[in-house]
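> Turn this into a model:
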Amino acid sequence: VVSRWWNQYQSMPWLDRLMCTVSCHVQGKDEYGRMLRRTLMRYANLASILTFRSVSTAVYKRFPTMSHVMEAGFMTPDEHKKLECLNSPHNKFWVPCVWFVNLAVKARQEDRISDYVSLAHIFREVNNLRSQCEK
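The predicted structure is shown next:
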């Protein structure tokens, strides 16, 4: 019983390492830099919420529809439309991960991420999150 519980606990998506990595490598003390870090982590949180909605009744009760997720501030109305337009019978947790990667690449092109080593570090962490979401 303990082993099963521990395995479930370990397979849960944790955002801590990704958050620290984004905070460390995405630069800018201005408003745009702050919003860039915030948006990246909002996408990561959205991927987690989409995963937890499919396995946790408590999370599903809190967010019974994608409109509830949007109203809670985890995605914008435009992002909600994009997510809803994607027809898939499967969980769409991976879509915010794609948005995350695209925004991180844009941040690198704008020199908000200093080098490709830092970008690769961020990618490793978001890939870890994505793999935890699909377990």
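> Quick test: name the residue nearest the centre of this structure.
By C-alpha atoms, centre = their mean, the chain has its centre lying nearest to Ala44, at 1.2 Å.
> Assign it to helix, strand or coil.
helix (DSSP: H, G, I helix; E, B strand; the rest coil).
> And the helices in this protein?
2-11, 16-25, 31-55, 57-62, 66-71, 77-85, 94-109, 116-133 (DSSP state H).
> Just the CA atoms of the fifth one, as CSV, please.
Coordinates of the C-alpha atoms in helix 66-71 are reproduced here as CSV (Å, rounded to 0.1, in the frame of the first residue of the first chain):
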residue,chain,number,x,y,z
MET,A,66,-12.4,24.8,-19.4
SER,A,67,-14.3,28.1,-18.9
HIS,A,68,-13.8,27.7,-15.2
VAL,A,69,-10.0,27.3,-15.8
MET,A,70,-10.0,30.4,-17.9
GLU,A,71,-12.0,32.4,-15.3
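> And that helix, what's buried?
For helix 66-71, burial by neighbour count (16 or more other C-beta atoms under 10 Å) applies to Met66, Val69, Met70. Heads up, the C-betas are built off the backbone N, CA and C, glycines and all.
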